[in-house]
Each structure stands twice: as structure tokens, then as C-alpha cells.
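Peer 1: Just need the structure, nothing else, for what follows:
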Amino acid sequence: MASINLDELSVAELDRLKNNIDYAISNRRQSELMKVRRKIDELLSESGFSIQEIMEVKASRKPVKPKYQNPNNPENVWTGRGRRPVWVEQLLSSGKTLDDLLIAE
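Peer 2: Residues are numbered from 1 along each chain as shown. You can find the predicted model right below:
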């Protein structure tokens with residue numbers, strides 16, 4: 001790539017260079033967008049799905065297994081993610097530790 005010494009250019013030359021760069025970026029962006037669009041159109045036609053169907057699909061998350069269980073009520077379980085349930089806070093304040101609440105595997 002050619003090196004340009006910007007210090008040697010006048011304001012008018014710098015402005016012209018800036019406009020040329022802006023124009024080149026705009027053209028390149030449009031060209032790359034069209035490439036992406038053609039790829040998407042190709043994938044859509046091969047898949048048989050509409051763009052609306054594809055955009056409405058949400059990635060399904062794998063359910064997380066519970067990691068902790070209330071020893072006083074085995075139905076109360078917690079994955080260890082998010083805010084601690086009230087029963088966990090109560091047991092911790094009564095002297096238990098999270099290790100005491102771990103579900104044995």
C-alpha cells in the first residue's frame with residue numbers, strides 16, 4: 001500500500017482524500033453486504049425455511065441440574081445460579097454452609 005505523508009497535504013487535498021476514503025468505504029460496505037445477502041438467500045433457498053421462521057427461532061438452553069437441596073424439604077432445590085432462594089439464605093444464617101446443602105451424586 002502506498003504511503004501518504006499527510007503533513008505535506010493542504011487542507012483541500014486532505015478534504016478530497018477524506019471524501020475519496022468515505023466513498024470507497026461506502027462502496028466496499030455495499031459490496032460486502034451484497035455478498036452476505038447472496039449467501040443468506042442461497043442458504044434460505046436450500047433450507048426451505050422462510051426468513052421469518054429462522055428469525056423467530058430461539059436457541060434452546062439445556063436445563064441445569066440442581067446443585068443444592070433443602071435438607072428439611074427435599075422438594076426445594078437450587079441450581080446455584082441466580083439469586084439465592086429464601087430457604088438457602090435461612091439455612092446459611094442458621095449456621096449451615098453451601099457444602100452442607102450439596103446434592104450427593
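Peer 1: ok now do the closest residue to Ile103 other than its chain neighbours, which residues does it touch?
Peer 2: Once flanking residues are discounted, Ile103 sits nearest to Gln69: 4.8 Å by C-beta to C-beta, 6 or more residues apart in numbering. Backbone N, C-alpha and C define where each C-beta goes, glycine included. The neighbours of Gln69, taking C-beta atoms under 8 Å, 6 or more residues apart in numbering as the test, are Asn76, Val77, Trp78, Leu101, Leu102, Ile103.
Peer 1: for Lys67, same thing?
Peer 2: Trp78, Thr79, Gly80, Leu102, Ile103.
Peer 1: So which elements touch the lengthiest helix in the chain?
Peer 2: Longest helix in the chain, counting residues (DSSP state H): helix 11-47. Using 3 or more C-beta pairs under 8 Å, 6 or more residues apart in numbering; DSSP states H and E, the elements in contact with helix 11-47 are helix 51-56.
Peer 1: Pull the distance from whichever helix or strand comes after the helix it packs on to the chain's centre.
Peer 2: Following helix 51-56 in sequence order, the next helix or strand is strand 68-70 (DSSP states H and E). Centroid separation for strand 68-70 versus its chain: 31 Å, with C-alpha atoms, centre = their mean, to the nearest Å.
Peer 1: Repeat that for stretch 51-64.
Peer 2: How far stretch 51-64 lies from its chain's middle: 13 Å, per C-alpha atoms, centre = their mean.
Peer 1: Kindly check the end-to-end length of that stretch for me.
Peer 2: 31 Å (C-alpha to C-alpha, to the nearest Å).
Peer 1: And that stretch, what's buried?
Peer 2: For stretch 51-64, burial by neighbour count (16 or more other C-beta atoms under 10 Å) applies to no residue.
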